[in-house]
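**Q** Sequence and predicted structure below; questions after.
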Amino acid sequence: MHHTVAIYTNGEHAVHHLARAVRSLGVYSQVVFTAQMLASLNAQAIILCDNTPAPDSPLAMLAIDSTKPIDVERLKHFLFERAALSATWSMEAFIESQITRIKEQVGDKRVLLGLSGGVDSSVAALLIHRAIGEQLVCVFVDHGLLRKGEAAMVEQLFREHYKINLVTVDAEQRFLDALSGVIDPEEKRKIIGRLFIDTFSDTARSLGEIPFLAQGTIYADVIESENPAKAGELAIKSHHNVGGLPADLKWELVEPLRELFKDEVRQLGRTLGLPTELLARHPFPGPGLGVRCVGAVTKERLDTLREVDAIFIEEVRSAGLYDEIFQAIACLLPVKSVGIRDGERSHQEVCTLRAVQSVDAIHATWYPFDANLLRSISTRILSEVPTVSRVLYDISDKPPATIEWE
């Protein structure tokens, strides 16, 4: 059993970094916003953030200004000298406790999980499978908006390698039909989101009674949803969860990652044995390539974009730059450009490449590739993808631009 430190705050300033700093020293921490939350946590020490009033408690307390750099030595002295806590929280201990918790929650019942191939759902799937084995049923909706080889990768890794019960739904044509003629980016997102829910729900009904739904909610989402400074608004992102499900599908939630920050989820994935290539992947939008095909979405344009994206990422990896870059993306623009192929003029697609450096995705700066590497990438795309006649590189920072084009 590990000790727990309460990070007590009024919610005015972000305190994620304080919770992470305590955890990095081997002591579990949790952010609380009210006296009721503090009382229910059963903590062994309290860190008071900013102007939060001190509670009436015999526990050791440390006041910290969350807007200033953390004094690690002072923090260590508080945790291990004043509060006399033990550094017993580790990822291995977390896995053991979650396996026990999952088994106690679900018993011999089945659990459904929407597997996207992203980090959060993949780690959640592996952890739950370790706890209950074949009682876990994963549903992978292949909507035809994935990157090259991604659907095959998900099936090979989870069905064949990890032996997880995986149901794959081929919904490509359903999504393409619904997106036909739609060019407004917000309308595309709504269509993709609604169809995903409908497809997932239809599949769930066909699988019989499954009383539990697993989701990849992580701790940053939980903090945002509980923060009174957010006026009670739920801020859990739709790409982490299956939201808006029909009323007849009544599930009890299983959320084994809700106590972990994003970097801890990746650490958990490494401990569980997930490949680094999956854990270190760049962010990918929930609507997939549907919002990277700027303008109309067709099977032909998606196939073109998949080839361009694959070449771009392959070249970035080969140059040893993938881990230096926060996000590298390729898009097709809603225009065609004249080009020359086989001695004749032709009008083909225009693609734009974008790579950015960022810490939080709120601010981003464009990545300064070497000109020779850009030339190599452009040459490969123009020679290997005959439906593209022009390659552009985006040098816009965020703000004012966003990272994605749509």
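**A** All right, it came through fine.

**Q** Tell me, please, the helix or strand in this structure that averages the lowest pLDDT.
**A** helix 219-226 (a mean of 78; mean pLDDT, DSSP states H and E).

**Q** What residues of that helix count as buried?
**A** For helix 219-226, the neighbour count (16 or more other CB atoms under 10 Å) marks Tyr219, Ala220, Asp221, Val222, Ile223, Glu224, Glu226 as buried. Yep, even glycine has a C-beta here, placed from its N, CA and C like the rest.

**Q** Quick check: the second one touching Phe261?
**A** Yes: shown here, Ala220 and Phe261 form a contact pair, counting by CB atoms under 8 Å, at 6.1 Å.

**Q** Now do the shared contacts for those two.
**A** Each of His16 lies in contact with both Ala220 and Phe261 under the rule CB atoms under 8 Å, 6 or more residues apart in numbering.

**Q** Identify all contacting residues around the host helix or strand of Ser337.
**A** Taking DSSP states H and E as the criterion, Ser337 maps to strand 327-341. Residues outside strand 327-341 that contact it (CB under 8 Å, 6+ apart) are 183, 282-283, 292-296, 301, 304-305, 308-309, 312-313, 316, 322, 345-356, 358, 361, 364, 367, 386, 389-390, 392, 403-405.

**Q** let's see it at 7 Å
**A** Residues outside strand 327-341 that contact it (CB atoms under 7 Å, 6 or more residues apart in numbering) are 282-283, 292-295, 301, 304-305, 308-309, 312-313, 316, 345-356, 386, 389-390, 403-405.

**Q** got it, and stretch 268-280?
**A** Here stretch 268-280 makes contact (CB under 7 Å, 6+ apart) with Met91, Glu92, Phe94, Ile95, Val119, Ser122, Val123, Leu126, Leu127, Leu260, Arg266, Asp323.

**Q** And the residue nearest to the last one when sequence neighbours are not counted, how close does it get to Val119?
**A** Going back to what we said before, that points to Asp323. Leaving aside its chain neighbours, Asp323 sits nearest to Ala280 (6.4 Å; criterion: CB to CB, 6 or more residues apart in numbering). To Val119, Ala280 is 9 Å away according to CB to CB, to the nearest Å.

**Q** pull the CA atoms of stretch 253-272 into CSV?
**A** Only the C-alpha atoms of stretch 253-272 are listed here, as CSV (Å, rounded to 0.1, in the frame of the first residue of the first chain):
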residue,chain,number,x,y,z
LEU,A,253,-17.5,2.4,-16.8
VAL,A,254,-14.1,0.8,-16.3
GLU,A,255,-11.4,3.5,-16.4
PRO,A,256,-8.0,2.0,-15.3
LEU,A,257,-6.0,5.0,-16.5
ARG,A,258,-7.9,7.7,-14.8
GLU,A,259,-5.2,8.2,-12.2
LEU,A,260,-2.3,8.6,-14.7
PHE,A,261,-0.9,11.5,-16.6
LYS,A,262,-0.1,11.1,-20.3
ASP,A,263,3.6,10.4,-19.8
GLU,A,264,2.7,7.9,-17.1
VAL,A,265,0.3,6.1,-19.5
ARG,A,266,3.3,5.7,-21.9
GLN,A,267,5.4,4.5,-19.0
LEU,A,268,2.7,2.0,-18.2
GLY,A,269,2.6,0.9,-21.8
ARG,A,270,6.4,0.2,-21.8
THR,A,271,6.1,-1.8,-18.6
LEU,A,272,3.3,-3.8,-20.1
